[in-house]
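Visitor: next one to model:
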Amino acid sequence: MRILLLAHAFAPFNASGAVRAVKLAEHLLATGHDVRVITGTPHPYPETLATTFPADRVTATPWLRVEAPLDALRRQLGHRVGRTSAPASPGGRSRPSLAARGVLAYRNVLSVPDPQIGWLPYAVAAGRRLIENWRPELIYSTALPFASHMVAARLAKRAGCPWVGEFRDLFSANPYSDVWPWRARLDTRIERRVMASASAVVSVSPQMTSYLADLHAKPAVTVMNGFDPADFARAPDMTGMFDARRIAIVYTGIIYPGRRDPAALIAALAMLGETRQAFDVRFYGPPADAVMPAARAAGVDDVVSVHPPVPYLQSLGLQKAADVLLLLLWDSPLEKGVLTGKLFEYIGAGRSILSLGCLDGAAAELVRAHDLGLAATDPAIIADWLGARARAKTTGTTTPPASRPDPVSLFSRRAQFEQLERFLTAQGLLSAPQAHGARTAS
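Guide: Below is the predicted model:
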């Protein structure tokens, strides 16, 4: 079956959304479908994501950076863009700086529906050229950015085929969206209008799926991110980077200060006193100023370090070599439906997981349900858990990684994508691939 995949980010750019898109494209091609991809380039991500998906099946288009002036402003003003002013009176509320308010106003007025709207004309033009000689039977778009779904709706109308919209994150109800009330209402109207022509909706957690099914009155399915066992088999052995006498806690990715940040872990390390010396806490990816000032203030900067981002397979090697893998969630009800791709990487690595934030959310529930580690927000509880691990390490009674009931059959990408195929087939949107479909000529 001819399937067109729309993904704003794709290999070689190493972004979490790109990883899922790449794995889906590889899976569909391997199962015999004739798959093509339209993506954007370039991106501000490391070009370190390898793929077996043939380059001649990928059309990479440029895109207009609507927020280019904001990038220039950040380079000029640096951290002052996000600075808040002091309250006018004791106990008063601080206000964003003038620069921060300017950034917010710019985004509300011009980044509609999102900063990647500048990809729309290029992707639509590329899709129309493709359709002239190769007409898709199904279009599958992955978002965010929501602009991907706008492209899908237009191309599906042109090709006369159905399209399916995947939400890795919510759009109009995104908990990380900082928009004015009128803009939030506009986003909801845009989402409803665009998704009206979709045949089905896909999301990555049950909570998100339920919300989207109600909002759009469409058939919907949960397809979690999953992990690829083959990636871990290819990942380099990085155990030599860690001191076997210490407990390595590793985080790979970015940090959202005040939301997804390691404050509870830093406070727990401070509670441990000298016992903290049993730990080696490493962050790969975030800027040092997102972690180290708090670590220094707590007096634990001697066991905490920040390192540059690493290629995808190297990050998996680090995860396999660690003792504990750190998962950061926003401690807010808005985070309840979030199941990040990082969580499934951690499951694939087979290490214990320390999940911070949103104790009644989907991620924390999964950690508890499958005995994957600890989900907590209280530094005292975290300190007790870490202290027990330190004592076990000292006495030589360290327990093996947490037992996970058949993680491959439950959480592998293949298992999740097979669930997607069953859903699409049941909806009449996917048919068995034709013989040698994956080798159909351009």
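Visitor: quick one: the helices in the stretch 151-300 of the chain, in order.
Guide: Secondary structure of the stretch 151-300 of the chain (DSSP state H, counting those that start in this stretch): helices at 181-195, 206-216, 229-234, 263-271, 292-298.
Visitor: tell me which of those helices sits nearest to residue 119.
Guide: Closest to residue 119 of the helices of the stretch 151-300 of the chain, according to Cβ to Cβ: helix 181-195, at 14.5 Å. (C-beta placed from N, C-alpha, C; glycine too.)
Visitor: what does the closest one contact?
Guide: With contacts defined as Cβ atoms under 8 Å, 6 or more residues apart in numbering, helix 181-195 is touched by 108, 112-113, 146, 149-150, 153, 165, 171-173, 177, 179, 201, 215-216, 218.
Visitor: residue 311 versus the closest residue to residue 336 other than its chain neighbours, what's the distance?
Guide: Counting by Cβ to Cβ, 6 or more residues apart in numbering, residue 336 lies nearest to residue 361, which is 4.3 Å off, once chain neighbours are set aside. According to Cβ to Cβ, to the nearest Å, residue 361 and residue 311 sit 29 Å apart.
Visitor: still on that earlier bit, out of the contacts of helix 181-195, which are inside strands?
Guide: 165, 201 (DSSP state E).
Visitor: among the contacts of helix 181-195, name the buried ones.
Guide: For those, a burial check counting by 16 or more other Cβ atoms under 10 Å picks out 108, 112-113, 146, 149-150, 153, 165, 171-173, 177, 179, 201, 215-216, 218.
Visitor: picking that back up, may I see the helices of the stretch 151-300 of the chain arranged in TSV, with distance to residue 16 and mean pLDDT as well?
Guide: What follows is the helices of the stretch 151-300 of the chain, written out as TSV (distance: least, Cβ to Cβ, whole Å; pLDDT from 0 to 100):
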stretch	distance to residue 16	mean pLDDT
helix 181-195	21	96
helix 206-216	15	94
helix 229-234	14	91
helix 263-271	21	97
helix 292-298	24	96
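Visitor: between those, which gets nearest to residue 49?
Guide: helix 229-234 (10.8 Å).
Visitor: who's more crowded, residue 361 and residue 311?
Guide: Between residue 361 and residue 311, counted using other Cβ atoms under 10 Å, the more crowded position is residue 361 (25 against 17).
Visitor: so the more buried one makes contact with residue 337?
Guide: Yes. Look at residue 361 against residue 337 with Cβ atoms under 8 Å: they come within range, at 7.2 Å.
Visitor: can you redo the helices of the stretch 151-300 of the chain as a markdown table with distance to residue 246?
Guide: Shown next, in a markdown table, are the helices of the stretch 151-300 of the chain (distance: least, Cβ to Cβ, whole Å):
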| stretch | distance to residue 246 |
| --- | --- |
| helix 181-195 | 47 |
| helix 206-216 | 37 |
| helix 229-234 | 23 |
| helix 263-271 | 13 |
| helix 292-298 | 16 |
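Visitor: and those, which is most packed in?
Guide: helix 263-271 (a mean of 22; mean count of other Cβ atoms under 10 Å).
Visitor: what helices and strands are in contact with that one?
Guide: strand 279-284, helix 292-298, strand 352-356, helix 379-395 (3 or more Cβ pairs under 8 Å, 6 or more residues apart in numbering; DSSP states H and E).
Visitor: hmm, who's touching it?
Guide: If you take Cβ under 8 Å, 6+ apart as the criterion, helix 263-271 is touched by 249, 276, 279, 281, 294-295, 298-300, 303-304, 326, 354, 356-357, 376-380, 382-383, 386.
Visitor: are any of the residues you listed buried, and which?
Guide: 249, 276, 279, 281, 294-295, 298, 300, 303-304, 326, 354, 356-357, 376-377, 379, 382-383, 386.
Visitor: for my notes, confirm residue 20 occurs in a strand.
Guide: No. Counting by DSSP: H, G, I helix; E, B strand; the rest coil, residue 20 falls outside a strand, being helix.
Visitor: surely it meets residue 144?
Guide: No. Under the criterion of Cβ under 8 Å, residue 20 makes no contact with residue 144, lying 11.7 Å away.
Visitor: sec struct for residue 363, please.
Guide: Residue 363 ends up helix, using three-state DSSP.
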